[in-house]
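# Build me a model from this:
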Amino acid sequence: MAFSVAKTPEPPYYAVIFTSIRKPVDPAGYGQMAEAMDKLAAQQPGYLGAESVREGHDADNLGITVSYWDSLEAIAAWKRNAAHRVAQQRGRDEWYASFRLRIAKVEREYGM
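A predicted model of the protein is given here:
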């Protein structure tokens with residue numbers, strides 16, 4: 001997997017920060033679902049990009065995914081997407097020991 005920093009437009013825009021700890025047993029299908037959701041999210045109106053990391057290789061380590069969106073409406077539409085709702089439920093039932101989702105407005109950014 002190649003890592004890159006999302007190329008976002010000038011602020012303001014929104015960040016959805018999904019922090020998770022996976023269950024110790026890694027049920028089949030997680031990687032495939034994650035890849036499918038990445039591809040599907042990228043096709044949604046208002047999607048600007050994403051960045052994702054998981055600490056170590058063990059399933060129970062901390063993971064953080066930040067997706068960027070142009071509006072709160074785009075975030076809400078993604079949350080309601082039927083395939084995404086299936087993935088959300090499987091995450092609750094099968095894959096995550098715990099998670100937290102935060103939505104933040106990006107008002108400033110800089111870097112090199």
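# what kind of secondary structure is the closest residue to E109 other than its chain neighbours in?
Spatial nearest neighbour of E109, excluding adjacent residues (Cβ to Cβ, 6 or more residues apart in numbering): P11 at 5.8 Å. All C-beta atoms are positioned from the backbone trio N, CA, C, and that covers glycine. When classified by DSSP: H, G, I helix; E, B strand; the rest coil, P11 comes out as coil.
# P11 and E107, how far apart?
Distance, P11 to E107, by Cβ to Cβ, to the nearest Å: 5 Å.
# Settle it for me: which of those two has more neighbours?
Neighbours were counted for P11 and for E107 using other Cβ atoms under 10 Å; P11 has more, 11 against 8.
# Any stretches of the chain with poor pLDDT?
Applying pLDDT under 70 to the chain flags the ranges 1-3, 26-27, 56-60.
# that older thread, which residues touch the residue nearest to E109?
By Cβ atoms under 8 Å, 6 or more residues apart in numbering, the residues touching P11 are V106, E107, R108, E109.
# now A77
Q44, P45, G46.
# What strand or helix carries it?
helix 72-80 (DSSP states H and E).
# Ok, R100 next?
Residue-wise, R100 maps onto strand 96-106 under DSSP H and E.
# Before I go, just wanted to say thanks for your time.
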